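**Q** just a sequence and a predicted model for now, questions to come.
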2 protein chains.
Amino acid sequence: MSAAPTSIPPKSPRGRRPLHVAVAGATGAVGEELLRLLDERDFPLASLRLLASARSAGTTLRFRGTEIPVEELTDASFRGTDVAFFSCGGDRSLRFAPAAVASGAVVVDNSSAYRMDPKVPLVVPEINGDAALAHEGILAVPNCTTIVFLMGVAPLHREARLVRAVCSSYQAASGAGRSALLEYEAQVRARAEGREPAAKALPRVLVGNVIPQVDVFLPDGSTKEEVKLDRETRKILGDDRVRVAATCVRVPVPRAHSVSCALEFERPMTPERAREVLASAPGVVLRDLPERASVDGKPAREYPTPLDVSGRLEVFVGRLRADPSREGGLMLWAVGDQLLKGAAWNAVQIAELLIERGRL
Amino acid sequence: MSAAPTSIPPKSPRGRRPLHVAVAGATGAVGEELLRLLDERDFPLASLRLLASARSAGTTLRFRGTEIPVEELTDASFRGTDVAFFSCGGDRSLRFAPAAVASGAVVVDNSSAYRMDPKVPLVVPEINGDAALAHEGILAVPNCTTIVFLMGVAPLHREARLVRAVCSSYQAASGAGRSALLEYEAQVRARAEGREPAAKALPRVLVGNVIPQVDVFLPDGSTKEEVKLDRETRKILGDDRVRVAATCVRVPVPRAHSVSCALEFERPMTPERAREVLASAPGVVLRDLPERASVDGKPAREYPTPLDVSGRLEVFVGRLRADPSREGGLMLWAVGDQLLKGAAWNAVQIAELLIERGRL
């Protein structure tokens, strides 16, 4: 499959001056992608500070040919920092983001800690970029599955107003962090060698299995991940009426989340119109056209899968078709690299947006 | 997880006399399970004839300590046969089932060839067993995903009348046959050894991936598998009103299909009532109660996964909760071994039902 044309510029914009950047959680799965993006996009850096827990402090990470020391994350870490990216879990965001803001830094937080805080913008730049401008020091990156879902659905919402979505997710191991990814890879080797795979980072064995649990359970039988999809969607779309019924499932995929969606709109949405809208939506790649006539003459179609989309910044959409169970409803399949658009890239995009708008 | 109590008797019923049985597709993935079940359940056999394509003819299969020759499937294969199980694809069912019926055999067909034929009962014994009695020589086993879905949903339909279901499936490699299972296993070894996995039996690489295509595409962008779920549901429930919007996805699981469902009923259905109904539903195991208090005090729940359910005859149901997007709606997760309840076991059950009712 050839690379699709993309509207994403390959380099970060230039602001008034290069920025002092701190990355909290630099040694994690998202931190690694964030550093790669800052490098590849030639992000305007005056300095780069790498922060992590005491356990990782003392090591170094290579960045643009230099070994940079990893320092322990403390309240004093943010003196002189312009932008602090946080990807080290909600507890540490709650503990240290206020200190970063007090030091004058703008915090872009990948955790769930501040997402539903009314004072914190919850931003997907292609969808609600203007919301970023109203920040009071902290901006939140939405949940990775919410981002993949909304990148495919928000352009349609603007046309026909989404009122209800039923979603089932197919979430990658790395969405649960580096330890879960390493556990999955060890399980693949165990299975190939006929040994019994062991589960510790994830609640069940993942290789050869699917696990209908992402994040912890709530008393009503839903998981936190499922509730995030519902609540964050309303906040990002700025629409109190829309409801999302989600079932979130971990699948044995190293990278990239997929979401199967049945969408109900206020006004009818045909697959034809949805294709037109999504073909020109920023950050979206449509993979839904007939790919080839298959050997036996049966109609074949292209569609995105996690393997194709891993490493890509865009969200890929396919399997567009009318909902056979509801007049005017639409079915859709969206796939995105949850470490990139679902986390690190969305965070870098927020910083780039603030640079472009003269706020950084 | 300990074995749940089950209402399935461990042995086949005795009829008036032992039966002359033929298995067409004896060397396939479903055929293998069928032979295992006939053996383990001490099915009342007068004789057993194993049939396959010319390619497999001439080999033997071991059954109850005897090597039985595999013969080529022809029109002449069914002389003296009482019951013929077909699991060798729709084309061969269409070609040879009429000859079997003409020879006086009752055909239990695992293919999709006759399922929507109005003269052919489409039977899940726990749901519409009586329909089997009206057969005219051929009875059809529903699609495997339809069976897993309906085993969890039909008991609730009887209470509250299902009007709409939105389903996303997580289908195992072996659902595409033995060649797909072997391909998946080869891909696991390739991945573990750092080689590039190859795809031939399945439309894309499956290891580390999910493929939103099961069966072939139709012009409207849906797949045949997705349409089967919708149509077969109406025929099995005997309710023309119910509609199923399905997205069918192959996942890197060797065995057992899972289905995530959002259900809408004519009358409200609470999770509490659904648990009561499913706890006493025949052939269903409920795995939805709190399993243990987790170490950190967060509520933990049990739920079925394909690894737990592989090799089991029942369909397992969990993740029961109210639909946050629709008053009175219910969310549910069902898992079943598609080679057993989704195919071979459902076929044997149909034969056992005919024996019990004195029709064989």
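**A** Perfect, thanks for sending it.
**Q** strands of the stretch 101-250 of chain A, residue ranges please.
**A** For the stretch 101-250 of chain A, the strands defined by DSSP state E, counting those that start in this stretch occupy A:106-109, A:138-140, A:162-170, A:243-247.
**Q** quick one: contacts for A:Thr59?
**A** By Cβ atoms under 8 Å, 6 or more residues apart in numbering or on different chains, A:Thr59 lies in contact with A:27, A:69-70. C-beta coordinates here come from the backbone N, C-alpha and C atoms, glycine included.
**Q** A:Leu139 - how many residues pack around it?
**A** By other Cβ atoms under 10 Å in any protein chain shown, 25 other residues sit near A:Leu139.
**Q** is it true that it touches A:Lys119?
**A** No: applying Cβ atoms under 8 Å, one finds A:Leu139 not in contact with A:Lys119, separated by 10.7 Å.
**Q** hang on, the earlier thing: got the strands of the stretch 101-250 of chain A as TSV, with distance to B:Ala172 and mean pLDDT columns?
**A** Compiled in TSV, the strands of the stretch 101-250 of chain A are given as follows (distance: least, Cβ to Cβ, whole Å; pLDDT from 0 to 100):
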stretch	distance to B:Ala172	mean pLDDT
strand A:106-109	39	98
strand A:138-140	38	98
strand A:162-170	14	98
strand A:243-247	18	98
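**Q** got CSV for those, with distance to B:Ser179 too?
**A** Formatted as CSV, those follow (distance: least, Cβ to Cβ, whole Å):
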stretch, distance to B:Ser179
strand A:106-109, 48
strand A:138-140, 47
strand A:162-170, 24
strand A:243-247, 30
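**Q** would you format those as CSV with distance to chain B included?
**A** Below are those laid out as CSV (distance: least, Cβ to the nearest Cβ, whole Å):
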stretch, distance to chain B
strand A:106-109, 22
strand A:138-140, 22
strand A:162-170, 3
strand A:243-247, 4
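**Q** can you check the pLDDT for A:Ala4?
**A** Per-residue pLDDT puts A:Ala4 at 44.
**Q** oh, I was asking about A:Ala293
**A** 48.
**Q** near chain B, which residues of the stretch 251-360 of chain A show up?
**A** A:251-254, A:258, A:260, A:262, A:271, A:288, A:294, A:298-301, A:303, A:305-307, A:318-326, A:329, A:331, A:333 (Cβ under 8 Å from any Cβ of the partner chain).
**Q** just give the number of residues close to A:Gly358.
**A** Count around A:Gly358 with other Cβ under 10 Å applied: 8.
**Q** what strand or helix carries it?
**A** Using DSSP states H and E, A:Gly358 sits in no helix or strand.
**Q** isn't it right up against A:Arg17?
**A** No: look at A:Gly358 against A:Arg17 with Cβ under 8 Å: they stay out of range, at 11.7 Å.
**Q** identify the residues contacting the nearest residue to A:Gly342 once chain neighbours are set aside.
**A** Using Cβ to Cβ, 6 or more residues apart in numbering or on different chains and skipping residues adjacent in sequence, the residue nearest A:Gly342 is A:Cys144, 2.9 Å away. Shown in contact with A:Cys144 (Cβ under 8 Å, 6+ apart): A:175, A:257, A:336, A:338-339, A:342-343.
**Q** do that again at 7 Å, thanks
**A** Counting by Cβ atoms under 7 Å, 6 or more residues apart in numbering or on different chains, A:Cys144 touches A:175, A:257, A:338, A:342-343.
**Q** kindly report the domain assignment for chain A.
**A** A:19-142+A:342-356, A:146-338 (automatic domain parsing).
**Q** weakest of those by average pLDDT?
**A** If you rank these by mean pLDDT, domain A:146-338 sits at the bottom with a mean of 94.
**Q** all helices for the stretch 201-350 of chain A, in order.
**A** A:224-237, A:271-279, A:306-309, A:345-356 (DSSP state H, counting those that start in this stretch).
**Q** TSV for the ones you listed, including mean neighbour count?
**A** Putting the helices of the stretch 201-350 of chain A into TSV (neighbours: other Cβ atoms under 10 Å in any protein chain shown) gives the following:
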stretch	mean neighbour count
helix A:224-237	21
helix A:271-279	17
helix A:306-309	23
helix A:345-356	23
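**Q** any chance of a markdown table for those, columns distance to A:Arg204?
**A** Listed next are those as a markdown table, based on distance: least, Cβ to Cβ, whole Å:
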| stretch | distance to A:Arg204 |
| --- | --- |
| helix A:224-237 | 15 |
| helix A:271-279 | 35 |
| helix A:306-309 | 20 |
| helix A:345-356 | 29 |
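**Q** quick one, the helix ranked longest in chain A and helix A:345-356 angle?
**A** Counting residues, the longest helix found in chain A (DSSP state H) is helix A:144-160. Counting by axes from the mean of the first three to the mean of the last three Cα atoms, to 10 degrees, helix A:144-160 points 60 degrees away from the direction of helix A:345-356.
**Q** now helix A:144-160, how far from the chain's geometric center?
**A** 13 Å (Cα atoms, centre = their mean, to the nearest Å).
**Q** just the C-alphas of that helix, formatted as PDB.
**A** What follows is helix A:144-160, C-alpha atoms only, in PDB (Å, rounded to 0.1, in the frame of the first residue of the first chain):
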ATOM      1  CA  CYS A 144      -5.800   7.500  22.800                       C
ATOM      2  CA  THR A 145      -9.000   5.500  21.800                       C
ATOM      3  CA  THR A 146     -11.100   8.700  22.000                       C
ATOM      4  CA  ILE A 147      -8.700  10.400  19.700                       C
ATOM      5  CA  VAL A 148      -8.700   7.600  17.100                       C
ATOM      6  CA  PHE A 149     -12.500   7.500  17.300                       C
ATOM      7  CA  LEU A 150     -13.000  11.200  17.000                       C
ATOM      8  CA  MET A 151     -10.600  11.800  14.200                       C
ATOM      9  CA  GLY A 152     -12.800   9.700  12.100                       C
ATOM     10  CA  VAL A 153     -16.100  10.900  13.500                       C
ATOM     11  CA  ALA A 154     -15.800  14.600  14.200                       C
ATOM     12  CA  PRO A 155     -15.700  15.700  10.600                       C
ATOM     13  CA  LEU A 156     -19.000  13.800  10.100                       C
ATOM     14  CA  HIS A 157     -20.400  15.300  13.300                       C
ATOM     15  CA  ARG A 158     -19.900  18.800  11.900                       C
ATOM     16  CA  GLU A 159     -22.000  17.800   8.900                       C
ATOM     17  CA  ALA A 160     -24.800  15.900  10.500                       C
END
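**Q** now tabulate the domains of chain A in CSV and tack on distance to B:Ser111.
**A** Below are these laid out as CSV (distance: least, Cβ to Cβ, whole Å):
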stretch, distance to B:Ser111
domain A:19-142+A:342-356, 41
domain A:146-338, 17
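**Q** and of those domains, who's closest to B:Arg62?
**A** Closest approach to B:Arg62 among the domains of chain A is made by domain A:146-338 (23.1 Å; Cβ to Cβ).
**Q** can you give me the first-to-last residue distance of the closest one?
**A** End-to-end span of domain A:146-338 (Cα to Cα, to the nearest Å): 10 Å.
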